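**Q** Here is the input, now give the coordinates:
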Amino acid sequence: MRILYPPSPRLKIHPTELKGYESSGKWVAQYKLNGTRNLVHVLPNGQVELFTRHGTPHKRFSLSESLRKEILSLNIQTGLEYWLDGELLDAKTVTPAYKHRIVLFDILFSGKYLFGVDQLSRLDLLRKICGNPCTLEPNLGLALQVTENLWMLETWEEGFVQHYERLLAQPEIEGLVLRQKISRLDTVGTRQYDAAWILRCRKPSRLYMF
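**A** Numbers count the residues shown, from 1 in each chain. Modelled structure (predicted):
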């Protein structure tokens, strides 16, 4: 099985543009987390592997047996292969309670390549795999709690500005990512990382200004 390289935002937008994208009705929003891109690969034999967006193992994080069991406790079918897309809150994470959590936000493979499957359908599939979580993690509430160390990002169709501003001061949050509802996977499995149907709206920081 070859490495699946996840699509990433190609374009950036200014926070003042969020209302326009929301009013178009064509986009959904998720938090952009300050961590390391993380792909969860579940093999048909129950083995679990973690990769960065470049298809390499994490240098400063290794999969524990307890986290492996949490991943395998998801609603996945025995004997099928899965690639789940997300973020690892790692050494860059400031808040101790958030370190070493995996936060999922998309799915790329579920027994087959999900080429041609639109974003909303993939998010619905991910929610089912995660057991349709509805409770936010108990600290800042930046994601829905699936298991103790495995979370899933909320997805919003409205309130983009309010969500952008809610956790603006928190170092774990870099802003928002907008995903086009009708977008379909077509670059996964290549080294063409960028996707025009994903936009990033980052907050200003010492290293990033508009």
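**Q** mind listing what's buried in the helix ranked longest in the chain?
**A** For the chain, the helix reaching the highest residue count under DSSP state H is reported as helix 119-129. Buried positions in helix 119-129, judged by neighbour count with 16 or more other CB atoms under 10 Å: 119, 120, 122, 123, 126, 127, 129. Where you see a C-beta, it was placed from the backbone N, CA and C, and this is true even at glycine.
**Q** Would you mind writing the CA trace of it as PDB?
**A** What follows is helix 119-129, C-alpha atoms only, in PDB (Å, rounded to 0.1, in the frame of the first residue of the first chain):
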ATOM      1  CA  GLN A 119     -16.300  16.700   1.300                       C
ATOM      2  CA  LEU A 120     -19.600  16.500   3.200                       C
ATOM      3  CA  SER A 121     -19.900  12.800   2.500                       C
ATOM      4  CA  ARG A 122     -16.400  12.200   3.800                       C
ATOM      5  CA  LEU A 123     -17.100  14.200   6.900                       C
ATOM      6  CA  ASP A 124     -20.300  12.200   7.500                       C
ATOM      7  CA  LEU A 125     -18.400   9.000   7.100                       C
ATOM      8  CA  LEU A 126     -15.700  10.200   9.600                       C
ATOM      9  CA  ARG A 127     -18.400  11.100  12.100                       C
ATOM     10  CA  LYS A 128     -19.800   7.600  11.900                       C
ATOM     11  CA  ILE A 129     -16.400   6.000  12.300                       C
END
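**Q** Helix or strand next in line after that helix, which one?
**A** With elements assigned by DSSP states H and E, the helix or strand that comes after helix 119-129 is strand 144-145.
**Q** quick one: contacts of the longest helix of the chain?
**A** 28, 74-76, 82, 84, 104-107, 110, 114, 117, 133, 152, 155, 179-185, 197 (CB atoms under 8 Å, 6 or more residues apart in numbering).
**Q** So which elements touch the helix or strand bottoming out on mean pLDDT in the chain?
**A** Least confident element among the helices and strands of the chain, by mean pLDDT, DSSP states H and E: strand 8-12 (a mean of 88). If you count contacts as 3 or more CB pairs under 8 Å, 6 or more residues apart in numbering; DSSP states H and E, strand 8-12 packs onto strand 194-202.
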